[in-house]
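Peer 1: What shape does this take:
(chains A, B, C and D)
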Number of protein chains: 2
Amino acid sequence: MARSRASATMKDVARAAGVSLKTVSNVVNGYPYLSPATKARVEEAISSLGYRVNVTARNLRQGSTGLIKLVVPELRIPYFGELADSVVEAAGRRGLTVLLQQHRYDREAELGVLRSDGGSQVDGVLFSPVHVGQADAEAFRVDFPLVILGESIFGAPCDHVSMRNIEGGRAQVEHLLGLGRRRIAIIGLSDVPDVSSSRLRHKGAVAALEAAGVALDPALVAGPGPWVRPVGARLMADLLDSGARPDGVVCYNDALALGAVHELSRRGVRVPDDIAVIGFDNVEETNYSWPPISTIDPGRETIAAAAVAMLVERIGLEQSFDPSTGPRELLVDFRLVARQSTLGATGG
Amino acid sequence: MARSRASATMKDVARAAGVSLKTVSNVVNGYPYLSPATKARVEEAISSLGYRVNVTARNLRQGSTGLIKLVVPELRIPYFGELADSVVEAAGRRGLTVLLQQHRYDREAELGVLRSDGGSQVDGVLFSPVHVGQADAEAFRVDFPLVILGESIFGAPCDHVSMRNIEGGRAQVEHLLGLGRRRIAIIGLSDVPDVSSSRLRHKGAVAALEAAGVALDPALVAGPGPWVRPVGARLMADLLDSGARPDGVVCYNDALALGAVHELSRRGVRVPDDIAVIGFDNVEETNYSWPPISTIDPGRETIAAAAVAMLVERIGLEQSFDPSTGPRELLVDFRLVARQSTLGATGG
DNA sequence: TCGGCCTGTTATAACGATGTATAGCGCGGT
DNA sequence: ACCGCGCTATACATCGTTATAACAGGCCGA
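Peer 2: Sure thing, here's the model as predicted:
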């Protein structure tokens, strides 16, 4: 009680219990060969001194911290909030704690993650890049355990977990085509080649249009900008103002779709009667939007759990894993969730 | 290059540069009295060995970690995603990193935070409790720096940052009354006394009704359950199914309001023509909902920045702060944001 | 010329835990 | 009796850093 902030150490406990330092350590760590009497005496001393192990010292000695870092664009984006939720959950199940960093779409900040001291304060890193991509593949050759989350970087020298972006984009378009839509607009095509989610989803979308013999009108493709609601609203507005009259809109993520639907509602355009809209990510918000928005469910929980599992293997916490294993890629299956923004009232 | 995972230590650098250990430390930490020649030699050795300081060892020696823990219910709730975003941002500005924990409304998990080793792996804790409240005030007497976020616990033995919940609840009701609504329903009244946000907002709401001489119909008060969208939808449905015909609904947070508006839209009830709805928190989603939802903006960024600032003071990073200062309470000002869910088309 | 101050560098002791090696004890088998 | 083994507890080294004290040399003023 005397020292308020500076808590007791094992040494203090040892002295109080009249045993050696190591015996206290043994009690704390559940070492089996302890006489009940000693154990009781030490536990008594521990609780009377309010002792708690110093995790930092333990970490130093053991060479690991039990911490992993999650780097995302920003948590206020619903998808990343939900993803962080799942990652924290999955990490917790394995006894790991998550430390957070945001890069806010800043390329330098993203590169900094790869150059960082990543390995010294944390055991490994989960990274959702946006502007660092294919062209920077070599930058992903780092000397700490790293798993890329969400982006597909071919030939990257590290593990990554992603989803079938091409097939997802194709499914979006096929869904609209299947409902008889032909003048299909696209929102979310990036103007820089690094943003692989955008490129891949677009690749699938274009393929689906071609396969159906439907021409993609360049005037119906709306472009660059971060994938957030206001951008979705603005791009939708620009399309309509330019005189375009699509009957279906494919948005490469849900935030864009939510912005687009908002803009359509604001103008009194009926969804889906006049224009059907489909998003991508299946954030909870799409289900409570009005109308509820059709979307691609990428299996967020599965992605998070798989990424944490891969990272745990790389960190070396799984004896069964061969550390010389080369970079792995895991593509998680998706699912199309059809709601009223494409199906209409019959679907709700 | 020989040792891939096990990185070089200061000792290795010292040997390579032909200087003492402490000199390397001095270079790393920018100690001024160093000959340029020595400094250059050490820096050369550092980069050729790819040396990076071991933050854990530094932390042990210095007795602090540069880490703070943020405990929230769950990140997939938009408000907490946005709050975490702001906290990470504010912490980053002060050189602190945020570590995340979720309690998922589990009372035991919440109490665990207060009993935890909070102080040993992190320098301090920011905590958003839900089910630990007034009755547990003494449990907040912990021996590590702690700032309560969002809840008001009177006489709590630790700092807290909150908003004027009573005045906020009053403002919600006054806004609806001012628009001529009289049959006002309430969604989000907790059935347990611990959830102070609910109690306080309700207190303000009741006061506003009384001041206006409007009776609160008990049949129009919908209750318990976590403050998430599906609960808002269900409570709204229950109200309507019970035959209640309110002309205005006060929701004690935005998730409830979003669920309620969703349910109303689903049933074809016009918002606000038939029923006006107002929420609380001003999450971005309310602005992109259709119709956009009126709400109370609690000043999330301000709250986050203030909480981090208070915590930094408690941790002792500010020399100007007197550590014997008693528990402090900071109430951040709010702002009513009127949108179409109460104003109608004229507001949009 | 001497004591004191500044500069540049070092040896050594912490920080608080865990791993290794080992010592004492009692016990059963030969 | 003696050896060897299992149980209990210990002393000491160690993880990689930073703080402290001290040292040698040069320069200053008295």
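
Peer 1: all strands for the stretch 1-150 of chain A, in order.
Peer 2: Listed from the start of the chain, the stretch 1-150 of chain A has strands (DSSP state E, counting those that start in this stretch) covering A:67-72, A:97-102, A:124-127, A:146-149.

Peer 1: Pipe those into CSV and attach distance to residue B:137 and mean neighbour count per row.
Peer 2: Quick note: C-beta positions are derived from backbone N, CA and C, even for glycine. Listed next are these as CSV, based on distance: least, C-beta to C-beta, whole Å; neighbours: other C-beta atoms under 10 Å in any protein chain shown:
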stretch, distance to residue B:137, mean neighbour count
strand A:67-72, 32, 24
strand A:97-102, 28, 22
strand A:124-127, 38, 26
strand A:146-149, 41, 26
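
Peer 1: Of all these, which one is nearest DNA strand D?
Peer 2: strand A:67-72 (16.3 Å; C-beta to the nearest atom of the strand).

Peer 1: And the average pLDDT for that closest one is what?
Peer 2: The predicted model assigns strand A:67-72 a mean pLDDT of 96.

Peer 1: how big is the angle separating that strand from strand B:67-72?
Peer 2: Here strand A:67-72 points in a direction 70 degrees away from that of strand B:67-72 (axes from the mean of the first three to the mean of the last three C-alpha atoms, to 10 degrees).

Peer 1: Which strands border strand A:67-72, and is each parallel or antiparallel?
Peer 2: Taking DSSP bridges as the criterion, strand A:67-72 forms sheet pairs with strand A:97-102 (parallel), strand A:124-127 (parallel).

Peer 1: Give the phi and psi angles for residue A:300, as a check.
Peer 2: Dihedral angles phi and psi of residue A:300 (degrees, to the nearest 10) take the values phi -50, psi -50.

Peer 1: Please report how far residue A:167 lies from chain B.
Peer 2: Distance, residue A:167 to chain B, by C-beta to the nearest C-beta, to the nearest Å: 26 Å.

Peer 1: Any residues of chain A in contact with DNA strand C? List them.
Peer 2: Proximity of chain A to DNA strand C (C-beta under 7 Å from any atom of the strand) is limited to residues A:6, A:9-11, A:21-22, A:25, A:28-29, A:51-54, A:57-58, A:60-62.

Peer 1: 6 Å instead?
Peer 2: Residues of chain A found near DNA strand C, taking C-beta under 6 Å from any atom of the strand as the criterion, are A:9-10, A:21-22, A:25, A:28-29, A:53-54, A:57-58, A:60-62.

Peer 1: Got a ChimeraX select line for the buried ones in the residues you listed?
Peer 2: The ChimeraX selection below is limited to those of the residues of chain A next to DNA strand C classed as buried (16 or more other C-beta atoms under 10 Å in any protein chain shown):
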select /A:9,10,25,28,53,54,57,58,60
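
Peer 1: Narrow the residues of chain A next to DNA strand C to those in helices?
Peer 2: For these, membership in helices holds for A:10, A:21, A:22, A:25, A:28, A:57, A:58, A:60, A:61, A:62, with DSSP state H as the criterion.

Peer 1: From residue B:301, how far off is the residue in chain A that chain B sits nearest to?
Peer 2: Across chain A, no residue is closer to chain B than residue A:81, which sits at 2.8 Å (C-beta to the nearest C-beta). Using C-beta to C-beta, to the nearest Å, we find residue A:81 at a distance of 16 Å from residue B:301.
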